[in-house]
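Participant: got a sequence here, can you model it:
(one chain, ligands or ions: 1)
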Amino acid sequence: MPRSGREEVLNWSRAYYARRASYYDLLAQRIGRDRETPRELEFLEFAFQTHATRKVREVLGIACGGGRHLVGLAQRGYRCTGRDLTPERIEAAKGRAARTRVSVNLEVGEATKVDYHEAFDAVLGLYILFLLPDDDAVKRCLNGVRKSLRSGGVFVCNIYNPFTLGKTWVVDAMRNRDSVEEQKAPGIRITEVQRTHDYDPVRGVVWVDETTVVEAHDGRHVFRDKGRARLLTYWDVEHYLKSAGFDEIECYPDWKVKRVKKPKAEQLVFVVRR
Ligand SMILES: C[S@@+](CC[C@H](N)C(=O)[O-])C[C@H]1O[C@@H](n2cnc3c(N)ncnc32)[C@H](O)[C@@H]1O
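Facilitator: Numbering: from 1, shown residues only. All right, here's what the predicted structure looks like:
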């Protein structure tokens, strides 16, 4: 079974996102709008309005990637700050903000080193917890998030649910099945083939070898990367949040603001208040 240290996992992540940053950005521009972003933005505003007991004005995104949420929120009038481990993704986020003519503070920084003192009304930790290397990293991340929030402010985070009734890459990974995803728009096509190996059913960890073929204006590129993901459950996240001092925890399956009779629960979205 592969062993990997914290630094190794961070380096894999950084390399993975660095190589794809400009192509993801181009794809988003050519598609015109990201597939999932509009409903996620709707959900975030719902969470701010329903769960915060203070008016949300200033928002921090840890692991903000190419800035799709923060730029969307800035367009809606929020003052936004974003951090990400990968410098190339921060550059992409700056480009997105400039194209959209909004101002967002953006800096390179690790999710485990968030150190603001009660400076934000809301913090977003979206599509990141599964990439943090170990328990200690998640704890340091959530402690930093809590310190950064003003009283009455909210933290929103999500996970891919390993117990889902739907079909997701997590389910494929647990069955050691390959998954293929193709995304295309005029002038760009990205095909990602993920092969899981050495799924660890005890610790809920998967190692992924990913081959990505990018066909774009600058030719055809093949990237081969490694990654490691932790398959967190509802109970893990609840435990982490409680340990960090968040005790009122709301969970929404699949970003749905209304109760669904039988949610597939492919993703679980948590909203907690400080
Ligand atoms: C799946 S993407 C999600 C990006 C963004 N939150 C979104 O939803 O579009 C994960 C991002 O996390 C960043 N990342 C990975 N490990 C990180 C860490 N330890 N600290 C900060 N960012 C990290 C990567 O560079 C990448 O941009």
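
Participant: residue 188 contacts residue 26, correct?
Facilitator: Yes - contact criterion CB atoms under 8 Å: residue 188 and residue 26 qualify, at 5.5 Å. Yep, even glycine has a C-beta here, placed from its N, CA and C like the rest.

Participant: my guess is residue 40 meets residue 126, correct?
Facilitator: Yes - with contacts counted by CB under 8 Å, residue 40 reaches residue 126, the gap being 7.4 Å.

Participant: residues of the stretch 1-150 of the chain that sit close to the ligand?
Facilitator: 10, 13, 17, 63-65, 68, 84-86, 89, 110-112, 126-128, 131-132 (CB under 6 Å from any ligand atom).

Participant: please repeat the previous calculation with a cut-off of 8 Å.
Facilitator: Applying CB under 8 Å from any ligand atom, we find that the stretch 1-150 of the chain lies next to the ligand at 10, 13-14, 16-18, 21, 34, 37, 40, 61-69, 83-86, 89, 109-112, 124-128, 131-133, 137, 141.

Participant: among the residues you listed, name the ones in strands.
Facilitator: Mapping those onto strands (DSSP state E) picks out 61, 62, 83, 84, 124, 125.

Participant: for the residues you listed, which one is nearest the ligand?
Facilitator: When those are compared for distance to the ligand (CB to the nearest ligand atom), residue 84 wins out at 4.8 Å.

Participant: my guess is the closest one meets residue 124, correct?
Facilitator: No - Residue 84 is not in contact with residue 124 according to CB under 8 Å; the separation is 11.8 Å.

Participant: mutual contacts of these two, please.
Facilitator: Common contact partners of residue 84 and residue 124 (CB atoms under 8 Å, 6 or more residues apart in numbering): residue 64.

Participant: what's the span of stretch 46-64 from first residue to last?
Facilitator: Stretch 46-64 has an end-to-end distance of 19 Å (criterion: CA to CA, to the nearest Å).

Participant: list the buried residues of that stretch.
Facilitator: When burial is assessed from 16 or more other CB atoms under 10 Å, stretch 46-64 yields the following buried residues: 47-48, 51-52, 54, 56, 58-64.

Participant: drop anything exposed from the residues of the stretch 1-150 of the chain next to the ligand.
Facilitator: Among those, those classed as buried by 16+ other CB under 10 Å are 10, 13-14, 16-17, 21, 34, 40, 61-69, 83-86, 89, 109-112, 124-128, 131-133, 137, 141.

Participant: got the phi and psi for residue 151?
Facilitator: Torsion angles at residue 151 (phi, psi; degrees, to the nearest 10) stand at phi -60, psi 130.

Participant: please apply the same query to residue 118.
Facilitator: Torsion angles at residue 118 (phi, psi; degrees, to the nearest 10) stand at phi 40, psi 50.

Participant: please list all residues in contact with it.
Facilitator: Taking CB under 8 Å, 6+ apart, one finds 147, 148, 149, 150, 151 in contact with residue 118.

Participant: these two touch, right, the second one and residue 124?
Facilitator: This means residue 148. No - between residue 148 and residue 124 there is no contact under CB under 8 Å: 11.4 Å.

Participant: would you map the strands across the protein?
Facilitator: Under the criterion DSSP E, the chain carries strands at the ranges 58-62, 79-84, 104-108, 120-125, 149-160, 179-185, 188-200, 205-216, 219-230, 249-253, 267-273.

Participant: mind putting the ones you listed into JSON lines with mean pLDDT?
Facilitator: Listed next are the strands of the chain as JSON lines, based on pLDDT from 0 to 100:
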{"stretch": "strand 58-62", "mean pLDDT": "98"}
{"stretch": "strand 79-84", "mean pLDDT": "98"}
{"stretch": "strand 104-108", "mean pLDDT": "98"}
{"stretch": "strand 120-125", "mean pLDDT": "98"}
{"stretch": "strand 149-160", "mean pLDDT": "98"}
{"stretch": "strand 179-185", "mean pLDDT": "92"}
{"stretch": "strand 188-200", "mean pLDDT": "91"}
{"stretch": "strand 205-216", "mean pLDDT": "94"}
{"stretch": "strand 219-230", "mean pLDDT": "94"}
{"stretch": "strand 249-253", "mean pLDDT": "96"}
{"stretch": "strand 267-273", "mean pLDDT": "98"}
